[in-house]
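1. model this:
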Amino acid sequence: MKAYANGTGNSLREIDPSLKRAQFADKMATTVFYLVSGAFVLLLIAFTCYVVWGGIKAFSPEIFSFTAEGIGNQFFNTVYLVVLSLIISVPIGVAAGVYMAEYASPGRMTNSLRIAIETLSSLPSIVVGLFGYLVFIIMVNAQWNLFSGALAVSILSLPLITTTTYDAFKALPTGYKEGSLALGATHFETIWHVMLPATVAPIMTGVILAAGRGFGEAAALLYTAGMSTDISWSVWDITSPVCPLNPFRPGETLSLQVWASRTEALSANASDVAAAASAVLMIMVLVFSIGARLLSRHVTKKTEGEKA
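-> Residues are numbered from 1 along each chain as shown. You can find the predicted model right below:
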């Protein structure tokens with residue numbers, strides 16, 4: 001018994017240092033992770049504050065007006081273009097993701113489709129802009145317009161939404177689908193009433209990323225949406241070339257205005273205009289992201305039967 005006890009004690013003493021080393025390594029790795037994460041968060045906060053503060057310092061009623069000297073028209077063009085691009089890309093992207101996850105049989109065709117989507121997501125935006133210029137402008141004999149810009153941004157957004165939807169459906173527990181089918185629902189009813197509501201949160205993540213791409217895109221819009229804006233807020237005939245809601249008119253966005261103000265500097269207050277436009281663009285992205293997250297959380301709670 002003593003020999004056994006001594007042997008056990010020796011084993012514990014031998015294991016104890018290795019456990020301490022493992023615990024120390026775990027604590028060190030956790031500390032490094034938190035330090036790196038905190039550094040990135042602080043960097044993001046500092047950058048946001050720097051951009052917003054620059055916009056506050058450049059504030060003037062003239063810059064934030066809906067005139068040729070202000071950024072109001074560009075603000076409207078940016079929101080309008082992002083809405084148009086999401087109207088195009090969200091239904092197609094979600095439908096493509098659902099098809100790949102639920103209907104496409106595993107095989108060479110599905111793998112080729114996934115490779116094509118991943119390749120499309122890695123295309124430089126300038127290439128997509130040139131493609132949009134050739135197809136949406138030259139081939140149809142049209143001028144620069146917001147709808148062509150929205151189509152170009154949709155090409156960049158589709159891979160994000162499709163991949164996010166596909167991964168969300170694949171990550172969903174099989175009990176959702178099997179339980180619905182066992183209760184007599186069809187495959188389509190199961191997707192529409194059970195699986196889609198359960199995957200709203202991850203799909204919304206893809207939509208936020210796609211919208212962020214639209215808010216900040218410049219290269220693709222340079223060849224499709226144009227660098228001019230001629231809006232008359234007293235004209236609401238959608239067929240008029242100066243109507244704000246006409247999607248087939250040229251429309252300079254905030255990101256293009258920032259680029260033009262910093263590179264061409266056609267006006268005396270170009271730097272102030274660029275600073276104000278950058279601040280507004282940053283705030284727009286933050287507000288949209290927070291709003292989309294809150295909407296996603298509300299829909300998720302409602303789907304799960306909790307009090308929203």
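2. Helices along the protein, start to end?
-> Along the chain, counting by DSSP state H, helices occupy 2-57, 72-98, 108-121, 125-132, 146-171, 174-182, 187-190, 196-198, 200-216, 219-222, 254-263, 270-303.
3. mind checking how far the first one is from the chain centre?
-> The gap between the average C-alpha position of helix 2-57 and the chain average comes to 31 Å, counting by Cα atoms, centre = their mean, to the nearest Å.
4. for the fourth one, same thing?
-> Its chain's C-alpha centre and that of helix 125-132 lie 19 Å apart, by Cα atoms, centre = their mean.
5. For Leu245, find the nearest of the helices of the chain.
-> helix 72-98 (7.7 Å; Cβ to Cβ). The way it works is simple: take the backbone N, C-alpha and C, and place the C-beta from them, glycine included.
6. quick check: mean pLDDT across stretch 42-49?
-> For stretch 42-49, mean pLDDT is 89.
7. actually stretch 89-106, sorry about that
-> On average, stretch 89-106 scores 90.
8. Quick check: end-to-end length of it?
-> End-to-end distance of stretch 89-106: 25 Å, with Cα to Cα, to the nearest Å as the criterion.
9. one step back: mind putting the helices of the chain in CSV, mean neighbour count and distance to Ser65 included?
-> Output for the helices of the chain, formatted as CSV (neighbours: other Cβ atoms under 10 Å; distance: least, Cβ to Cβ, whole Å):
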stretch, mean neighbour count, distance to Ser65
helix 2-57, 11, 15
helix 72-98, 20, 6
helix 108-121, 12, 38
helix 125-132, 19, 29
helix 146-171, 24, 21
helix 174-182, 13, 51
helix 187-190, 14, 50
helix 196-198, 16, 43
helix 200-216, 20, 21
helix 219-222, 25, 23
helix 254-263, 21, 14
helix 270-303, 17, 11
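10. can you redo those as JSON lines with distance to Trp233?
-> Shown next, in JSON lines, are these (distance: least, Cβ to Cβ, whole Å):
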{"stretch": "helix 2-57", "distance to Trp233": "23"}
{"stretch": "helix 72-98", "distance to Trp233": "9"}
{"stretch": "helix 108-121", "distance to Trp233": "38"}
{"stretch": "helix 125-132", "distance to Trp233": "28"}
{"stretch": "helix 146-171", "distance to Trp233": "16"}
{"stretch": "helix 174-182", "distance to Trp233": "48"}
{"stretch": "helix 187-190", "distance to Trp233": "45"}
{"stretch": "helix 196-198", "distance to Trp233": "39"}
{"stretch": "helix 200-216", "distance to Trp233": "23"}
{"stretch": "helix 219-222", "distance to Trp233": "22"}
{"stretch": "helix 254-263", "distance to Trp233": "18"}
{"stretch": "helix 270-303", "distance to Trp233": "18"}
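11. hey, least reliable of the ones you listed by pLDDT?
-> Looking at these, the weakest mean confidence is helix 2-57, a mean of 78.
12. Summarise which helices and strands that one is packed against.
-> Judged by 3 or more Cβ pairs under 8 Å, 6 or more residues apart in numbering; DSSP states H and E, the packing partners of helix 2-57 are helix 270-303.
13. So what's the gap between the helix it packs on and the chain middle?
-> On Cα atoms, centre = their mean, the centre of helix 270-303 falls 11 Å from that of its chain.
14. The helices of the chain: which one's closest to Pro247?
-> helix 146-171 (4.1 Å).
15. quick one, that closest one and helix 254-263 angle?
-> For helix 146-171 against helix 254-263, the angle by axes from the mean of the first three to the mean of the last three Cα atoms, to 10 degrees is 120 degrees.
16. care to break the protein down by domain?
-> Following automatic domain parsing, the chain resolves into domains at 1-57, 63-303.
17. centre of the chain versus the shortest one, how much separation?
-> What it means is domain 1-57. 32 Å.
18. same thing with stretch 112-127?
-> The answer for stretch 112-127 is 16 Å, by Cα atoms, centre = their mean.
19. what residues does it touch?
-> With Cβ atoms under 8 Å, 6 or more residues apart in numbering as the contact definition, stretch 112-127 has outside contacts at 96, 100, 104, 155-156, 158-160, 162-163, 217-220.
20. which residues does Val41 contact?
-> Contacts of Val41 by Cβ under 8 Å, 6+ apart: none found.
21. no, scratch that, I was asking about Thr300
-> Contact partners of Thr300, counting by Cβ under 8 Å, 6+ apart, are Val200, Ala201.
22. number of nearby residues for the nearest residue to Pro250 once chain neighbours are set aside?
-> Leaving aside its sequence neighbours, Pro250 sits nearest to Gly226 (Cβ to Cβ, 6 or more residues apart in numbering; 3.5 Å). Neighbours of Gly226 under the rule other Cβ atoms under 10 Å: 22.
23. And for Phe66?
-> Phe66: 14 neighbours (other Cβ under 10 Å).
24. All set, thanks.
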